[in-house]
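Asker: Build me a model:
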Amino acid sequence: MRAIHAILALAFSEGYTHTTVAQITREAGISRTTFYEYFKDKEDCFLAAHNQLAAALVAEVERALVGSEGSQVLAASDGPQALAAALTALVSFAQREPATFHLLTHEAMIAGPRALDARDELMLRIEQSVEAAQSAAQTQDAAEVPDIPVKLVLGGAVRLIGMSMRRAGGTPESSLAELPRWLDCYRVPAGKARWLELTRVDSVAVARKAPMRPLAPRPLPRGRHRLSDEVVAGVQHERILHATAEVVCAKGYAASTVADIAAAAGISREVFYTHFKDKREAFLKGQQLVFEQMIAASAGAFFTASTAWPQRVWEAIRTTTAWILQQPTLAHFDFIEAYALGPSDAKRVDENVLAFNVFLEEGYRYRPQAAEVPRLIGEAIAGSILELAAFYIRHDRAHETPGLLPLLTYVILAPYTGAQAANELIDGFLAAAGQALAERA
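Answerer: Numbers count the residues shown, from 1 in each chain. The predicted model follows:
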């Protein structure tokens with residue numbers, strides 16, 4: 001239907017947030033009456049487009065997994081190569097159908113909870129196809145496999161392709177052809193694979209003794225008080241930012257209003273407008289506040305320690321997961337709602353994501369082989385961790401993220417230390433955490 005093609009084109013050029021029903025009908029060359037005969041609203045139209053277009057992406061991956069005579073794509077008969085074939089297929093699809101890939105994977109994060117559910121279902125279908133191909137291959141014990149969860153790799157690839165498309169102005173960069181090399185960093189004998197599943201440990205054993213707890217907004221005293229105007233304004237500003245996070249997490253950016261935010265902050269609309277000119281400015285300032293709190297906690301753990309680089313990576317990830325555990329609403333605001341403003345602000349969010357690569361810089365000097373790791377892999381790692389954290393937060397499982405610490409540390413370390421050395425380091429970290437826990441008991 002023409003409305004499907006219209007919302008596809010508009011989501012790519014304008015973003016879902018800034019697309020209206022009027023634009024869709026005009027682009028499609030149909031009346032509003034006709035539109036509402038088929039769709040309840042814009043969201044309904046988007047979901048119809050997502051459901052229809054998702055099948056094409058799944059089919060692309062499944063063809064790559066099955067292979068065909070004369071195909072240059074690796075067939076699933078070689079089990080360890082199935083995941084690499086899926087990555088190649090994702091990149092190829094994004095290069096050939098950038099608007100469709102963008103709608104399915106990026107705009108679906110913005111279009112509301114039902115669209116996020118549809119995106120989750122799409123990712124699950126691809127994940128299950130890859131896992132089925134790997135199982136059907138009946139890989140022998142002596143063969144090597146990429147020892148990393150399929151879900152984590154696919155999530156990282158989708159995030160990386162999206163960032164690459166925005167950086168290049170629409171079509172993925174040619175450097176993404178190197179993406180399957182990411183998997184080579186995790187290859188181990190199949191019989192020694194350890195991280196094929198989303199392995200978690202007892203979060204109590206690895207949690208920080210006193211995780212950093214960002215300050216909650218301060219209350220204003222009721223009635224007459226002696227606070228200066230400057231202090232009152234500071235408290236109001238802070239409360240508005242926290243209220244913006246709460247409201248957007250509860251209702252989504254598009255459905256949130258200034259009145260909602262003012263009510264949640266315990267102020268009037270007039271007071272809101274003395275601090276911010278509109279909802280968008282409050283959202284941006286709130287996002288920046290949350291990001292700065294999280295990066296400050298992570299960087300504090302990483303840069304203040306005098307231990308070796310792998311240990312400091314462990315501490316930075318441990319602090320980040322502890323922050324998520326302590327602040328699930330702020331984490332939801334930062335990880336789930338970050339791209340809500342649409343294309344005009346997406347690159348800012350990408351830059352925040354890639355800011356975590358500062359923790360990887362020493363990795364390139366950890367051993368001679370590490371210098372050869374493509375920078376693309378660092379971006380893929382950042383995307384994979386973001387995608388996995390967002391999945392757990394969105395599904396009310398933020399409390400489980402500290403238990404992912406060993407897996408996430410392995411994903412970061414292995415390309416630079418080697419997979420075997422990463423496992424040995426993690427075993428040492430876990431033993432030290434267990435001993436510390438026993439000493440505190």
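
Asker: going forward, measure contacts between C-alpha atoms and count neighbours the same way
Answerer: Will do.

Asker: Which residues are in contact with Leu241?
Answerer: 282-283, 285-286 (CA atoms under 8 Å, 6 or more residues apart in numbering).

Asker: Tell me which helix or strand it sits in.
Answerer: Using DSSP states H and E, Leu241 maps to helix 229-251.

Asker: So for the next helix or strand after that helix, what gets flagged as buried?
Answerer: Following helix 229-251 in sequence order, the next helix or strand is helix 258-265 (DSSP H and E). Neighbour-count burial for helix 258-265, with 16 or more other CA atoms under 10 Å as criterion, is recorded at 258, 260-265.

Asker: pLDDT and distance to Ile240 for those residues - can I get that in a markdown table?
Answerer: Formatted as a markdown table, the buried residues of helix 258-265 follow (pLDDT from 0 to 100; distance: CA to CA, whole Å):
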| residue | pLDDT | distance to Ile240 |
| --- | --- | --- |
| Val258 | 95 | 10 |
| Asp260 | 95 | 11 |
| Ile261 | 95 | 7 |
| Ala262 | 94 | 7 |
| Ala263 | 94 | 9 |
| Ala264 | 93 | 8 |
| Ala265 | 91 | 5 |
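
Asker: can you count the residues close to Asp41?
Answerer: 12 (other CA atoms under 10 Å).

Asker: scratch that, Gly155
Answerer: Burial of Gly155 is recorded as 22 neighbouring residues (other CA under 10 Å).

Asker: again with Ala346
Answerer: If we define neighbours as other CA under 10 Å, then Ala346 has 16 of them.

Asker: show me what contacts it?
Answerer: Contacts of Ala346 by CA under 8 Å, 6+ apart are 166, 339.

Asker: what helix or strand does it sit in?
Answerer: helix 343-354.

Asker: ranges for the helices of the stretch 251-400 of the chain?
Answerer: Remark: helices assigned in the stretch 251-400 of the chain by DSSP state H, counting those that start in this stretch are 258-265, 269-275, 279-303, 309-326, 328-335, 343-354, 375-394.

Asker: rewinding a little: export the buried residues of helix 258-265 as TSV, with columns for distance to Asp117.
Answerer: Below are the buried residues of helix 258-265 laid out as TSV (distance: CA to CA, whole Å):
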residue	distance to Asp117
Val258	27
Asp260	25
Ile261	26
Ala262	30
Ala263	29
Ala264	27
Ala265	30
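
Asker: Return the member of these nearest to Trp182.
Answerer: Nearest to Trp182 among the buried residues of helix 258-265, counting by CA to CA, is Ile261 at 43.1 Å.

Asker: okay but that closest one is in contact with Ala243, surely?
Answerer: Yes: shown here, Ile261 and Ala243 form a contact pair, counting by CA atoms under 8 Å, at 5.6 Å.

Asker: my read: His399 touches Gln327, true?
Answerer: No: using CA under 8 Å, His399 makes no contact with Gln327, being 9.9 Å away.

Asker: Low-confidence stretches in the stretch 201-350 of the chain?
Answerer: Residue ranges of the stretch 201-350 of the chain with pLDDT under 70: 203-227, 229.
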